[in-house]
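**Q** After the sequence you'll find the predicted model.
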Amino acid sequence: MQTSFTFRNMEAEEWLKDYVDKKLSRIDRYMDKPVNATVTLSIEKFRNVAEIKLSARGINLQGREEAKEMTLAVDNVIDKVERQIKKYKQKTRNHKDVASRSESMDTGAEEYDEYDESSKVVETKKIILEPMSLEDAVLEMDESRKMFVIYRDSSSEKVSVIYRRDDEKYVLIETNS
């Protein structure tokens, strides 16, 4: 990892450079080679500010943290950038998984994915199921540009889901409740 340091309103100290290099080695294992890191350490009034910008093969990440102690600011910004890297890697890994799953589905082979412990529920929403017909649900989707609508079918009183595919056609899912 190539690291360049910039010190503002403070003197360049070797122990601080060594400390930042040691902390950056944690990040080095996640990144593809070559990695360029720009570290800016500054003191603004009574705050110690640490900024890190990383770039490697199309990935540009940056973080900025303020703290009372410079080492604490460095630790926080390293943690922040490490979370960004993990999120990026997870996103690319999921993107590749989706492509491989669609290929396996095209071959007709049935595969069941086990529960992945790394997946997390990000948001929970509670909705009130409104009774409506299939035509009303399609109209609501068209007017609001929603990707799906969950509703109670007015004729059968069953919970149904209608969603829009990529080819702009609709799929209806009915429950047996």
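**A** Here it is on my side, so go on. Just so we're clear, the structure is a prediction, and the values are computed from it rather than from any experiment.

**Q** all contacts plus neighbour counts: C-alpha atoms, from now on.
**A** Noted.

**Q** pLDDT-wise, which helix or strand of the protein ranks last?
**A** When each helix and strand of the chain is scored by mean pLDDT, DSSP states H and E, helix 70-106 comes last, with a mean of 76.

**Q** What is the subsequent helix or strand relative to that one?
**A** The C-terminal neighbour of helix 70-106 among helices and strands, as given by DSSP states H and E, is strand 131-132.

**Q** For that next one, which helices and strands make contact with it?
**A** The contact analysis (3 or more CA pairs under 8 Å, 6 or more residues apart in numbering; DSSP states H and E) places strand 131-132 against strand 148-153.

**Q** The strand it packs on pairs with which strands, parallel or anti?
**A** strand 131-132 (parallel), strand 159-164 (antiparallel) (DSSP bridges).

**Q** does the residue lying closest to Ser4 once chain neighbours are set aside sit in a helix or strand, and which one?
**A** Nearest residue to Ser4, sequence neighbours excluded (CA to CA, 6 or more residues apart in numbering): Thr38, at 5.0 Å. Assigned by DSSP H and E, Thr38 belongs to strand 36-44.

**Q** Give me the mean pLDDT for that strand.
**A** Averaged over strand 36-44, pLDDT sits at 90.

**Q** Give the buried residues for that strand.
**A** Buried residues in strand 36-44, counted by 16 or more other CA atoms under 10 Å: 36-43.

**Q** same question, stretch 148-164
**A** Applying 16+ other CA under 10 Å to stretch 148-164 flags 148-153, 159-164 as buried.

**Q** Stretch 165-176 now?
**A** Applying 16+ other CA under 10 Å to stretch 165-176 flags no residue as buried.

**Q** what about that stretch, average pLDDT?
**A** Computed over stretch 165-176, the mean pLDDT rounds to 85.
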